[in-house]
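**Student:** What shape does this take:
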Amino acid sequence: PPPPPPPVVLTLDGAADGHRFDGHGLLSAGASSRWLIDYPEPQRSQVLDYLFRPNFGASLNILKVEIGGDVQSTSGTEPSHMHTRDDLGCSRGYETWLLTEAKKRNPSIKTWGLSWGVPGWIGNGSYFSADNIMYQTAWVKCVKSVTGIDLDYIGIWNERPYGPMDYTINLRQSLDQAGFAETKIVLPDSRISQTLVDSLDPSAAAYNATFSNAVYALGQHGCGQLTGITGSFPAQRFFCAESEVSNGWPAAQSWGGAPLSNFIRVNQTSTTAWSLIWSVPQAVSPYQNRGAMLANEPWSGHYFVDGTIWMYAHWTQFAEIGWKMLGVPTGGSGAIGSAQWVTLVSDTTTDYSVVLDFLQAPTQRLELSFSNLPRRTLAVWQTNETDQFVKSATLIPEVNGSVFLTATHGSIYTVTTLTTPAKGDFPNVPPSQPFPLPYTDTFDSYGNDTMARYFADQGGSFSVLTQPGGGGVLAQVVPHKPGPNAWINDPDPVTLIGDLTWSNVSVFAQARLGTRSTVASGAGSDAASSPVSDNNNVVLTLDRCSPTSPFQEWNMDTPYPQYIENARTNQCLNQYGCGKNAAVITWACVPGINAGCTEFPSLSNLRWRLVGAHLILNVTGQCVASTPAGIVTVDCITPPPPAQSWQWDPTSKHLVNVGKCLSTPPLQTYVEVCGRISQFQAFAGPAKANNGVCLRLHDSDVWELREGDALLANGTTRLPTGTTWHALQLDLAADTVVGRIDGVAVTPATIRVNVTAGSASLGSGWHPAFFDNFSMTAL
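**Tutor:** Next up is the predicted model:
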């Protein structure tokens, strides 16, 4: 037979130029870690060890967390440290707890915070405001006060515009003045734009030295490429700020090569992925199992260690932040076809490691030829689908200093001088079990302003509040919708509990409506508060004209020329999104902004003109029309058809279309219990997020029975409401449903439902609401 082909020689030069290794990490955000804190011991500590303990599991270099903002951020909402301007609760939620646990296990771990959204009171709906700089700085102070940690990095706004440069500059100044000069700013946490690079490139006309000095690193989404971008940013580090991981070997295999390709292609020295752990209700969609580990059964203690954990270990157990990543292509890192490798050299010792990715590449005999690196015995660690993170070989250098290795298809390797790596293991993980019934919670066993066990918020924020007479209640504590400060269009406040197995069940809770001031200090008076922006970012609706409704009053040329301001919300008429044929909403009345649009960077989506009967948006020249899909902008038709015919009455301040008035919807005030939620999809929009069966009680004595967005029945309770407690009960058996209020069946016996099983929930409108004595029992 012919002799075997010669090995492929990889020349690894320890003296070559390179880049500082900034570490790899995972992201706890979008409420993806919600249930981890509810796990029993020892399983909770075991999971944390797999994630953070050095030389045991993933051994993460970086933990990035969401700065909770009372907004729906993918798979739930995370509580804000400031529900209102006068409120501060530094220990809320679970992210500060998670930071503490990570630092306890690895004092060298880097910490990073980023907002998905902020409460609506911030800037009265303006994200890039002095309010938000204060708010972000307050969170960094909270982290310090609760955990003792000086945060390493802070971002601007996840996957949204990073705002005017002055905002970043002012945030930098605020952090410095508060004593956090070492907390570095990373932006944009989205795709890299030419405009951003130009502002950081000293050779570009748009270079801004003050802004460049304020930005420590660029954090990219859509990592590993800079297609079409010219220029450079020599003063900034370059991170992959968010990629994605999921459960299963194909997902682990896909992610395993990402840190190598990110560095080899564009010199990204850090890769962080979402999410740290998948620990959310099974009903939450469209995402499921999007974590490096799976832990979504706190009642059983069951969890699953996935291959992605060991993909991280191939880096984090073999190099420390500060090591040198040898340059491409001659230094010791590079790619041939789908095979790729990166060499890391210690900055303080004689150690070095080589990560070799053959996950997609064919089997190949390799010769690793070292120069300017000490001749050492090397250990080989390997992961593939069947054998994950095993020490598979020991390599003794030849006379010329080279070592030889056959790298097989479907594997990732780390060749190293280190002797410290190890594969941790906890045997006897509890088996998976369904959520047990019956289940009750009186909310009397918690401290004040804490989360209730197993409840996972999907809109608003729910917190246990202790009562003056003893005991506790579960309260919805967010007084206003986040509006333009949100990440998506939030559903009404709702919190889920349970799994997908609950079918023939009775859902029960006592509920009471409150007012905004009720929860300001835990449990205060029921005095009414002044109206603020309840309806930010809500598509405007038409209603009959009312001479007394502030929802229908529109001020022309206020507070700026060509702006149209709503008297109720102090928000201005706006076209949502960019381009043409978009919904009309309300938005903060800020001059010179364009709602994040790039098509018309010098114009504002807030400026309008009334020409005859046409209400025209300056930026596109389109006209406002009343359509079955809502109030939208469309191409103008002359003469205007009825849908495009508007008149403004300066006396009543009504904008009238065919006898009906443009209106923002009044605040919905209600409490509800739901069952059989097999799918909660926040991205579907507020009306369609929840597909379960819900019994809703309004403050107007009206009750409603709904399945998803369909109204099955409604009626009047003829019972006092207001601040009175009421018992809401939903009995679901086969395809029948009975809704009871204060023990009295109110729903027709003929009602039939389609959903067959799922989680339960408690919910309300955007106002305080209180729940007690929750129970789920089998029927």
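
**Student:** Now stretch 105-120: buried residues?
**Tutor:** Under the neighbour-count criterion of 16 or more other Cβ atoms under 10 Å, stretch 105-120 has 105-106, 109-120 buried. All C-beta spots, glycine's among them, are computed from the backbone N, C-alpha and C.

**Student:** mind checking the longest helix of this structure?
**Tutor:** Criterion DSSP state H: the longest helix present in the chain is helix 130-147.

**Student:** Please point out which parts of that one sit buried.
**Tutor:** In helix 130-147, counting by 16+ other Cβ under 10 Å, buried: 131-133, 135-144, 146-147.

**Student:** Stretch 265-272 now?
**Tutor:** For stretch 265-272, burial by neighbour count (16+ other Cβ under 10 Å) applies to 266-272.

**Student:** how long is it end to end?
**Tutor:** Its first and final residues considered, stretch 265-272 spans 17 Å by Cα to Cα, to the nearest Å.

**Student:** I'd like the mean pLDDT over it, please.
**Tutor:** What stretch 265-272 shows for mean pLDDT is 97.

**Student:** And the buried residues of helix 130-147, which is closest to Pro431?
**Tutor:** Nearest to Pro431 among these, counting by Cβ to Cβ, is Thr147 at 34.1 Å.

**Student:** quick revisit: to be precise, which single item in the buried residues of stretch 105-120 has the lowest pLDDT?
**Tutor:** Among these, Gly120 has the weakest pLDDT, 92.

**Student:** That one should be in a helix, yeah?
**Tutor:** No: secondary structure assignment (DSSP: H, G, I helix; E, B strand; the rest coil) places Gly120 in coil, not in a helix.

**Student:** close enough to count as contact, it and Lys481?
**Tutor:** Yes: Gly120 is within contact range of Lys481, at 5.8 Å (criterion: Cβ atoms under 8 Å).

**Student:** sorry, back to before: which member of the buried residues of helix 130-147 is positioned nearest Val65?
**Tutor:** Of all the buried residues of helix 130-147, Val143 has the smallest distance to Val65: 9.1 Å, by Cβ to Cβ.

**Student:** Give the next helix or strand downstream of the one helix or strand in the chain whose mean pLDDT sits lowest.
**Tutor:** One helix or strand of the chain scores below all others by mean pLDDT, DSSP states H and E: strand 541-544, with a mean of 67. Moving toward the C-terminus from strand 541-544, the next helix or strand (DSSP states H and E) is strand 554-556.

**Student:** quick one: strands adjacent to that next one?
**Tutor:** In the sheet, strand 554-556 lines up against strand 564-566 (antiparallel) (DSSP bridges).

**Student:** and the very next helix or strand once past the strand it pairs with, what does it pack onto?
**Tutor:** Going down the chain from strand 564-566, the next helix or strand is strand 572-575, by DSSP H and E. On a contact count with 3 or more Cβ pairs under 8 Å, 6 or more residues apart in numbering; DSSP states H and E, strand 572-575 meets strand 564-566, strand 584-587.

**Student:** which residues of the protein fall in helices?
**Tutor:** Using DSSP H, helices in the chain cover 43-52, 95-105, 130-147, 165-177, 194-200, 209-214, 249-256, 258-266, 307-316.

**Student:** List the contacts of the last one.
**Tutor:** Translated: helix 307-316. 23-24, 26, 50-51, 57-61, 245-249, 251-253, 255-256, 259, 292-293, 355, 381, 383, 385, 388-389, 412-414, 421, 423 (Cβ atoms under 8 Å, 6 or more residues apart in numbering).

**Student:** Over to the longest one?
**Tutor:** Residues external to helix 130-147 that are found in contact with it (Cβ under 8 Å, 6+ apart): 67, 81-82, 85, 88, 90-91, 96, 99-100, 103, 111, 113, 115, 118, 121-123, 149-151, 154, 167, 170-171, 174-175, 178, 180, 183.

**Student:** Would you agree Phe370 is in contact with Leu12?
**Tutor:** Yes: with contact defined as Cβ under 8 Å, Phe370 counts as touching Leu12 (5.2 Å).

**Student:** Just grab the bridge partners of the residue lying closest to Pro259 once chain neighbours are set aside for me.
**Tutor:** Once flanking residues are discounted, Pro259 sits nearest to Thr271: 4.3 Å by Cβ to Cβ, 6 or more residues apart in numbering. When assigned by DSSP bridges, Thr271 has beta-bridge partners His24, Cys240.

**Student:** swap in Met325?
**Tutor:** His19, Leu344.

**Student:** count of neighbours near it?
**Tutor:** Neighbour count of Met325, defined by other Cβ atoms under 10 Å: 25.

**Student:** Also Pro281?
**Tutor:** Going by other Cβ under 10 Å, the residues that sit close to Pro281 add up to 28.

**Student:** Next, report how far stretch 489-497 is displaced from the centre of its chain.
**Tutor:** In terms of Cα atoms, centre = their mean, to the nearest Å, the centre of stretch 489-497 is found 14 Å from the chain centre.

**Student:** ditto for stretch 629-640
**Tutor:** 35 Å.

**Student:** Do me a favour and average the pLDDT over that stretch.
**Tutor:** On average, stretch 629-640 scores 90.

**Student:** Also stretch 350-370?
**Tutor:** 97.

**Student:** contacting residues for the residue nearest to Leu610 when sequence neighbours are not counted?
**Tutor:** Distance criterion Cβ to Cβ, 6+ apart; nearest residue to Leu610, sequence neighbours excluded, is Trp648 at 6.1 Å. Counting by Cβ under 8 Å, 6+ apart, Trp648 touches 554, 556, 610, 654-656.

**Student:** run the last query once more with 7 Å
**Tutor:** 554, 556, 610, 655 (Cβ atoms under 7 Å, 6 or more residues apart in numbering).

**Student:** Low-confidence stretches in the stretch 601-750 of the chain?
**Tutor:** 601-603, 665-667, 700, 718-723 (pLDDT under 70).

**Student:** 50 instead, please
**Tutor:** 601-602 (pLDDT under 50).

**Student:** Return the member of the contacts of Trp648 nearest to Leu728.
**Tutor:** Closest to Leu728, out of all of these and judged by Cβ to Cβ, is Trp554, at 37.8 Å.

**Student:** So that closest one sits against Leu655, correct?
**Tutor:** Yes: shown here, Trp554 and Leu655 form a contact pair, counting by Cβ atoms under 7 Å, at 5.0 Å.

**Student:** who has more neighbours, the two?
**Tutor:** Using other Cβ under 10 Å as the criterion, Trp554 and Leu655 rank with Leu655 on top: 26 against 22.
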